[in-house]
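In: Pasted the sequence and its predicted model underneath.
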Amino acid sequence: MHVHQPTPGEIEQLLSDRGDARATIYLATSPVTDRTDAERIAYKDAVARAVAALHEAGVDKRRVAGFEELLGELDEDPLYWDHQARTLAVFTDGEVLRSYHLANELTPVVKVTDRYFVKPLLRSVTFPQACFVLALAEGSVRLLELGPDYGPIEVEVPDLPASAAAATHHHKITDHVQKGSLSGDDGSKIRLRQYARAVDAAIRPLVRGHELPLLLAAAEPTASAFRAVNTSPELEDIGLEGSPEKIDDLQIAREAREVLAKVYEEDLQQLADLFSLRDGQDRVQTDVSDLARSATYGQIDTLVVDIDQIVWGRVDDDGAVTFADEGDEGAADIIDEVVRRVLASDGTVLAVRAEDVYRGGAAAAVLRYA
């Protein structure tokens, strides 16, 4: 897969962009190159639908020509279609075009309104399909990085000890020491934690700030020793069992992706538990009108949205909602606007499947206070 995912900053820019016409296309694609002909046909159909919607909206013909030219350039670039992921997302105002190759499978959509349809894009940020893996053993250690379309890549880590022996200056962790010092099992535990502490200090500056999970691949007692001294909040409770010295990096990557799927499942369960708890404290909202007003006044801490469901209408500056039908003048996805306002007030937004939205609506929120 060739993946190009948006940054949180790019998502906020797309959410804030307004104008007379904005075209959004989500298209199912495949990393298998022999499927590009079918994908290009589907893309041409999506472009034709977008152009028809522009004409129907009364956009000036010269402006429509600009849309056709930009969108058509992608179709005419064969190299572009040789490098795809699972979803292609395209956004254009007729003057500038942005496209993203997403690892997530999203529902195909063509929308033309006064703003971009950004909500499905949030899925790539909610579950980025990427992580770090710390492959830790007494005799070796390495930090691997995995992305949705690459990896494993070994990360160069300054000051990372080559082994437990190098970190503790003993030939073996189990070496006995001078009389009067720790020896035997107690000594080996201390040295193992010393080694783990040195590894933790070395990797900490690299794993922080990426907002990616850190998975531990280690056998016992090394795994427990590292978890006892770890200071990186990114470390997940679920790890890869067994010694990483007995398998190669590709096998580690395969197992890591399976663990990552379990991590996401646990995240969703914890999210459900949070909503259940806050609901009992009168801090949950699911009504769209309530969500819009709360988002406007910065009251939402965590917003969960269904990536596929659209609620058409308008939200005014005070957060009041006017519902509308698709195609009505000024109508857009209300939930997208709620997302924009939540992000502007430093709230958290998570895009999930319909079955994972609390009470099954278009969106649900945990408020900062009752």
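Out: Good, I have the coordinates.
In: From here on, just use CA atoms for contacts and neighbour counts.
Out: Noted.
In: got a list of contacts for stretch 111-123?
Out: 6, 11, 14-25, 50, 53-54, 89, 91, 104, 106, 305, 307-308, 330-333, 335-336, 339, 349-352 (C-alpha atoms under 8 Å, 6 or more residues apart in numbering).
In: quick one: low-confidence ranges for this structure?
Out: Counting by pLDDT under 70, the chain contains low-confidence ranges at 1, 149, 170-186.
In: so what are the domain limits for it?
Out: 8-126, 131-263, 281-367 (automatic domain parsing).
In: Next step: the contacts of stretch 111-123 restricted to strands.
Out: Mapping the contacts of stretch 111-123 onto strands (DSSP state E) picks out 18-25, 89, 91, 305, 332-333, 349-352.
In: Would you list the buried entries among those?
Out: 20-25, 89, 91, 305, 332-333, 349-352 (16 or more other C-alpha atoms under 10 Å).
In: which residues are in contact with stretch 65-75?
Out: 40, 43-44, 47, 51, 80-81, 92-97.
In: 6 Å - rerun?
Out: Gly94 (C-alpha atoms under 6 Å, 6 or more residues apart in numbering).
In: Mind jotting down where the strands sit in the stretch 101-250 of the chain?
Out: Taking DSSP state E, counting those that start in this stretch, the strands of the stretch 101-250 of the chain run over residues 109-115, 131-137, 140-146, 153-155, 214-218, 240-241.
In: And for the stretch 251-370 of the chain?
Out: 284-285, 300-306, 312-315, 321-323, 332-333, 348-352, 363-367.
In: Of all the ones you listed, which one is nearest Val157?
Out: strand 348-352 (31.0 Å; C-alpha to C-alpha).
In: How far off centre is the closest one?
Out: In terms of C-alpha atoms, centre = their mean, to the nearest Å, the centre of strand 348-352 is found 9 Å from the chain centre.
In: which helices and strands does it pack with?
Out: On a contact count with 3 or more C-alpha pairs under 6 Å, 6 or more residues apart in numbering; DSSP states H and E, strand 348-352 meets helix 122-126, strand 300-306.
In: And the shortest one, what's buried?
Out: By neighbour count on 16+ other C-alpha under 10 Å, the buried set for helix 122-126 is 122-125.
In: Just put these in a markdown table and tack on distance to Ser163.
Out: Shown next, in a markdown table, are these (distance: C-alpha to C-alpha, whole Å):
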| residue | distance to Ser163 |
| --- | --- |
| Leu122 | 40 |
| Arg123 | 39 |
| Ser124 | 36 |
| Val125 | 35 |
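In: List just the nearest of those to Glu211.
Out: Looking across these and measuring by C-alpha to C-alpha, the closest to Glu211 is Val125, at 9.9 Å.
In: any idea how far Pro6 is from the closest one?
Out: To Pro6, Val125 is 8 Å away according to C-alpha to C-alpha, to the nearest Å.
In: Apart from its chain neighbours, what residue comes closest to Arg368?
Out: What sits nearest to Arg368 in space, not counting adjacent residues and going by C-alpha to C-alpha, 6 or more residues apart in numbering, is Asp301, at 5.0 Å.
In: Pull the number of nearby residues for that neighbour.
Out: Asp301 has 20 neighbours, counted by other C-alpha atoms under 10 Å.
In: wait, it sits on Val349?
Out: No - using C-alpha atoms under 6 Å, Asp301 makes no contact with Val349, being 8.6 Å away.
In: the helices in the stretch 151-300 of the chain, which residues?
Out: 164-168, 184-207, 222-229, 249-280, 288-296 (DSSP state H, counting those that start in this stretch).
In: out of those, deepest packed?
Out: helix 288-296 (a mean of 22; mean count of other C-alpha atoms under 10 Å).
In: quick one, which of the helices and strands packed on strand 348-352 is nearest to Ala223?
Out: Closest among the helices and strands packed on strand 348-352, using C-alpha to C-alpha: helix 122-126, at 27.9 Å.
In: hang on, the earlier thing: between the buried residues of helix 122-126, which is nearest Thr29?
Out: Among those, Ser124 lies closest to Thr29 (C-alpha to C-alpha), at 15.1 Å.
In: Relative to Leu160, how far out is that closest one?
Out: 32 Å.
In: repeat for Glu145
Out: 16 Å.
In: ok, now Val284?
Out: 45 Å.
In: between those two, which one's more packed in?
Out: Neighbour count, other C-alpha under 10 Å: between Val284 and Leu160, Val284 has more, with 25 against 19.
In: can you pull the contacts of that one?
Out: 365-366.
In: The same query, at a cut-off of 10 Å, please.
Out: 274-278, 291, 300, 302-303, 358, 364-370 (C-alpha atoms under 10 Å, 6 or more residues apart in numbering).
In: Quick check: Phe275 touching Asp356?
Out: No - assessed by C-alpha atoms under 10 Å, Phe275 is found out of contact with Asp356, at 11.1 Å.
In: which neighbours do those two share?
Out: Gln269.
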